[in-house]
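1. Sharing a sequence plus its predicted fold:
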Amino acid sequence: MDYIVEEPIDLADLLGKYHHPKAGAVVLFSGEARNHHMGKAVDFLEYESYKPMAERVIREIVDEAMVRWELHQAICIHRVGRVDISMTAVVVITTASHREEAYAANRYIIDRVKKDVPVWKKEHFSDGTSEWTGCDHCMEVQAAQH
Amino acid sequence: MEVVIHVFGGLRDYFDPRFYIKLLGESNIEGVMDRLKAINPKSTGILDHSRIAVAERFTSRDYVIHEKDEIYIMPPSSGG
């Protein structure tokens, strides 16, 4: 299983693979490219990763969630490269016996992925500018220095 | 010795994705970071918040660099 992919993520196809006879709940989260950021119009997003580590960290997060919430299945796939508006950038699916565990595990996985997995997002704005996101405090420090 | 540096995300606004720096004598990661800040002072804020990996493992800034090490400097993640 690849956790980092370049091609578009087919949610319907993926969801079809995540049903389990012991599962009473299936939760799917799709993180999608939106057309605005900080009040500016966005044309598309671009993601890059340090793939060897990104793959390993995602696998560790998913494995941890599987044990912690006694999930039946779990997957997280993150796309890299250009992602157009309304397309899926990241998907998390969790299946569990009950919805509490499926929701909690899904939320845990996406929160950890956003914080810990070496993936970076660049917003490409409609005015032709672009900006890497994720380190607002870094920029504040830089502004203070100059 | 020469070491290979890889940078990602916002650091690519300041450095090439992959480049070499020459180290004179023993150096740790912190020493490399100081060199990079001297090369491009505007990168200081983001370098201070970056994580470092060697051999695909996160490492601390007091890690002493060895011949043939490749250093990966990763700004805070922004996936999702």
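-> Ah, there it is. Residues are numbered from 1 along each chain as shown, chains lettered A, B, ... in the order given.
2. And residue A:59, which helix or strand is it part of?
-> Following DSSP states H and E, one finds residue A:59 within helix A:51-68.
3. next one: that helix to chain centre, how far?
-> From the chain centre to the centre of helix A:51-68 is a distance of 12 Å (Cα atoms, centre = their mean, to the nearest Å).
4. For it, the averaged confidence score.
-> Average pLDDT, helix A:51-68: 97.
5. how about that helix as PDB, C-alpha atoms only?
-> Output of helix A:51-68 as PDB, limited to C-alpha atoms (Å, rounded to 0.1, in the frame of the first residue of the first chain):
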ATOM      1  CA  LYS A  51       8.400  10.300   0.600                       C
ATOM      2  CA  PRO A  52      10.500   7.700   2.500                       C
ATOM      3  CA  MET A  53       9.800   9.300   5.900                       C
ATOM      4  CA  ALA A  54       6.300  10.400   5.000                       C
ATOM      5  CA  GLU A  55       5.300   6.800   4.100                       C
ATOM      6  CA  ARG A  56       6.800   5.500   7.400                       C
ATOM      7  CA  VAL A  57       5.300   8.100   9.600                       C
ATOM      8  CA  ILE A  58       1.800   7.700   8.200                       C
ATOM      9  CA  ARG A  59       2.100   3.900   8.600                       C
ATOM     10  CA  GLU A  60       3.100   4.300  12.200                       C
ATOM     11  CA  ILE A  61       0.200   6.700  12.900                       C
ATOM     12  CA  VAL A  62      -2.300   4.400  11.300                       C
ATOM     13  CA  ASP A  63      -0.900   1.300  13.100                       C
ATOM     14  CA  GLU A  64      -1.100   3.200  16.400                       C
ATOM     15  CA  ALA A  65      -4.700   4.100  15.800                       C
ATOM     16  CA  MET A  66      -5.600   0.600  14.900                       C
ATOM     17  CA  VAL A  67      -4.400  -0.700  18.300                       C
ATOM     18  CA  ARG A  68      -5.600   2.300  20.400                       C
END
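6. excluding its backbone neighbours, what's nearest the residue of chain B found nearest chain A?
-> For chain B, the nearest residue to chain A under the criterion Cβ to the nearest Cβ is residue B:78, separated by 2.5 Å. Quick note: C-beta positions are derived from backbone N, CA and C, even for glycine. Distances taken as Cβ to Cβ, 6 or more residues apart in numbering or on different chains place residue A:134 nearest to residue B:78, at 2.5 Å, with adjacent residues excluded.
7. How about residue B:71?
-> residue B:5 (5.2 Å).
8. In this structure the one you found contacts residue B:21, no?
-> Yes. Taking contacts as Cβ atoms under 8 Å, residue B:5 lies within contact range of residue B:21: 6.1 Å.
9. Compare the two and say which is more crowded by neighbours.
-> residue B:5 (19 against 15; other Cβ atoms under 10 Å in any protein chain shown).
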